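Student: Take a look and give me a structure for this.
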Amino acid sequence: MKVGDFLKIENATDLSRSEVGRLGTAILFMVGVMIYAGTQFAHVEQSFLLIAAAVIGAYMSLNIGANDVANNVGPAVGSFAMTLTMAIVIAAIFEAGGAIIAGGDVVHTVKKGIIDPANIADADTFIWVMMGALLGAAIWLNAATWLGAPVSTTHSIVGGVMGAGIASAGWDIVNWDSMFKIASSWVISPLCGGVIAALTLYILKKLIFFKEDPISAARRVMPYMISVMAWSFTTYICLKGINQIVKVNFSTAVAIGTAAAVACFFIVRPIIARATDRIGDDRDGVNKLFTIPLIFAAALLSFAHGANDVANAVGPLAGIVEVLTVDGGNHAQVSIPMWVMVIGALGISFGLALFGPKLIHTVGSEITELDRSRAFCIALAAAITVIIASQLGMPISSTHVALGAVFGVGFLREFLEQRMSKVVEDVLSKHVGSPSLAKVEMVLAEFRNAPAEEKKRMLDALKAMGPEAVISAAQRKKLRKALKRQLVKRSTLLKIASAWIITVPVSGVLAALFYFALRGMMLP
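Tutor: Numbers count the residues shown, from 1 in each chain. Model (predicted):
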């Protein structure tokens, strides 16, 4: 056997050990949850159901961390604003903090009125419905993570509750108006995020990157852009985080955000002025100015995500705890015990650290190439879209918004590339004379891979060549084809869109199957 074969075997063994280690850590976490629930609730009449529900809730929270958190930190990692390790540490801390501090005193276990719990026959049936919903949603999230498809955890649990509810009481239990609104969000969420991100990026290009002196332009514009980000994230946190502790209406949140934006402007303007004296006079230099804002954005998005989406794991679990430990509990609205919130917070953090890198890589680099200015636009679009949707009462998914923003940035880049290629074609078609193509081919080789803002200067160089820049009709056709690069990977787009479409029905079918299995095991 050759040395290379030994190396291949060793690499495969290392990968296997790594996978086993991650899986083992996840299992130890769930075993720890099982032991805690068993020791604390041994006196409960059906303690085995509560223990099983706690373990399933822990499994669900692991999958939320593995799949959903990538949307918060993926663009920052893909643009190299932070390392993967740094992103995982920041996201884990702020996800757990958001879940525990602002996770909500009250959570509706029946998400967004999908089913009416009054139509569920008895407490045992309610428990089986919630356990089936958690299992169905968690299994689907596990499969989606394995396939590398970031999906909405909210839609997963909604599908699970719907499917198990239908299995227990028939089709009439479902609030179909709410389901129609959720289905519409499959289009509204990514479209809004994509449009806002693309518009923000285009503004940045017009005001900074397309200028002759981008550093001077950045010195003027960046304080305003960062202030807009401060406004959006402060308002976002007020509406989606602090509002879970102290009720904050929309106008108050906007006022607080405005105050934060004004303060931020006067703080960052001298900082930006000093920074622009030290960075390079090119695109990479300007991109460095977005590093710190991106780190703050990742942290704040993680905090708000933990405050809200932890309910997808522990909301149904809290309903089961209420039924089993409190006589006459109200299934529709329950107070979440702190130990349940801690399970959700730790599960999300463990899931991110153990299995999150795969989806972080997908969001950060597999859809389109991201630099820090593009990642900044994605984070800003996510916050602004959620604010607008909250005010209009639109049911949107933060996952769909963030990924829609990534696609919007990529498609804007394609549009600008194609528009530039048309200009190149027009420039070259007007030159006739000498058959020499050496100079023009040299410029085109650089042009093909240059950022959009560099292409204008290259076009000027082509014009200056005069009759030396000659190209035939056949060569123009070949040039047009070469310049029409696809800057958004269509295979990734198809995979993610397909996963979004089937999330609710697949989670629903799985939840229904698990409900029937649990019911069959529990009935005499």
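Student: Ala183 is in contact with Ile501, correct?
Tutor: No - assessed by Cβ atoms under 8 Å, Ile501 is found out of contact with Ala183, at 9.4 Å. For every residue, glycine as well, the C-beta is placed using N, CA and C.
Student: so what's Phe265 up against?
Tutor: Counting by Cβ atoms under 8 Å, 6 or more residues apart in numbering, Phe265 makes contact with Pro223, Tyr224, Ile226, Ser227.
Student: I'd like the next helix or strand past the helix or strand bottoming out on mean pLDDT in the chain.
Tutor: Within the chain, no helix or strand scores below strand 106-107, which has a mean of 44 by mean pLDDT, DSSP states H and E. Remark: after strand 106-107, the chain's next helix or strand is helix 123-147, criterion DSSP states H and E.
Student: before we move on, the earlier item: so which of the contacts of Phe265 would you say is closest to Phe290?
Tutor: Checking those against Phe290 with Cβ to Cβ, the nearest one is Ile226 at 8.8 Å.
Student: what about the closest one, helix or strand, and which?
Tutor: Secondary structure from DSSP H and E places Ile226 in helix 214-240.
Student: which element follows that helix toward the C-terminus?
Tutor: Following helix 214-240 in sequence, per DSSP H and E, is helix 250-276.
Student: Could I get the buried residue list for whichever helix or strand comes after that following helix?
Tutor: Using DSSP H and E, the helix or strand that follows helix 250-276 towards the C-terminus is helix 283-288. For helix 283-288, burial by neighbour count (16 or more other Cβ atoms under 10 Å) applies to Arg283, Gly285, Val286, Asn287, Lys288.
Student: Tabulate those (CSV), appending distance to Lys211 and pLDDT.
Tutor: What follows is the buried residues of helix 283-288, written out as CSV (distance: Cβ to Cβ, whole Å; pLDDT from 0 to 100):
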residue, distance to Lys211, pLDDT
Arg283, 11, 75
Gly285, 13, 82
Val286, 10, 85
Asn287, 15, 87
Lys288, 17, 87
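Student: Output those in CSV, with distance to Arg372 appended to each entry.
Tutor: As requested, the buried residues of helix 283-288 are exported to CSV (distance: Cβ to Cβ, whole Å):
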residue, distance to Arg372
Arg283, 10
Gly285, 11
Val286, 9
Asn287, 4
Lys288, 7
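Student: Out of these, which comes closest to Leu359?
Tutor: Asn287 (24.0 Å).
Student: Correct me if wrong: the closest one contacts Arg372.
Tutor: Yes - applying Cβ under 8 Å, one finds Asn287 in contact with Arg372, separated by 4.3 Å.
Student: between the two, what contacts are shared?
Tutor: Ser79.
Student: Show me what the helix holding Ile226 is packed up against.
Tutor: helix 250-276, helix 283-288, helix 291-325, helix 372-392 (3 or more Cβ pairs under 8 Å, 6 or more residues apart in numbering; DSSP states H and E).
Student: one step back: got a winner among the contacts of Phe265 for most neighbours?
Tutor: Ile226 (25 neighbours; other Cβ atoms under 10 Å).
Student: burial count for Asn175?
Tutor: 16.
Student: Am I right that it is in contact with Ile115?
Tutor: Yes - counting by Cβ under 8 Å, Ile115 is a contact partner of Asn175 at 6.9 Å.
Student: Give me the below-cutoff pLDDT ranges for the stretch 51-200 of the chain.
Tutor: 102-113, 116-118, 121 (pLDDT under 70).
Student: Surely Lys211 is within a strand?
Tutor: No - under DSSP: H, G, I helix; E, B strand; the rest coil, Lys211 sits outside any strand and is assigned coil.
Student: per-residue pLDDT, it?
Tutor: pLDDT recorded at Lys211 is 83.
Student: got the contact list for it?
Tutor: Lys211 neighbours (Cβ under 8 Å, 6+ apart): Ala217.
Student: If we use 10 Å, what do you get?
Tutor: Lys205, Ala217, Ala218, Arg220, Val221, Glu453 (Cβ atoms under 10 Å, 6 or more residues apart in numbering).
Student: Could you do Ile35 as well?
Tutor: Taking Cβ under 10 Å, 6+ apart as the contact definition, Ile35 lies against Ile51.
Student: One more: the one 4 residues further on?
Tutor: Residues touching Thr39, when contacts are defined by Cβ under 10 Å, 6+ apart, comprise Ile51.
Student: cool, Gly351 as well?
Tutor: 26, 29, 58-69, 92, 95, 141, 145, 313.
Student: picking that back up, can you list residues touching both of Asn175 and Ile115?
Tutor: Shared contacts of Asn175 and Ile115, defined by Cβ under 10 Å, 6+ apart, are found at Met162, Gly165.
Student: Run a quick neighbour tally on His43.
Tutor: 7.
Student: Is it correct that it falls within a helix?
Tutor: No - the assignment for His43 (three-state DSSP) gives coil, which keeps it out of a helix.
Student: Quick check, Ile256 in contact with Phe233.
Tutor: No - judged on Cβ atoms under 10 Å, Ile256 makes no contact with Phe233 at a distance of 11.2 Å.
Student: So which of those two has more stuff around it?
Tutor: Phe233 (28 against 17).
Student: Before I go, just wanted to say thanks for your time.
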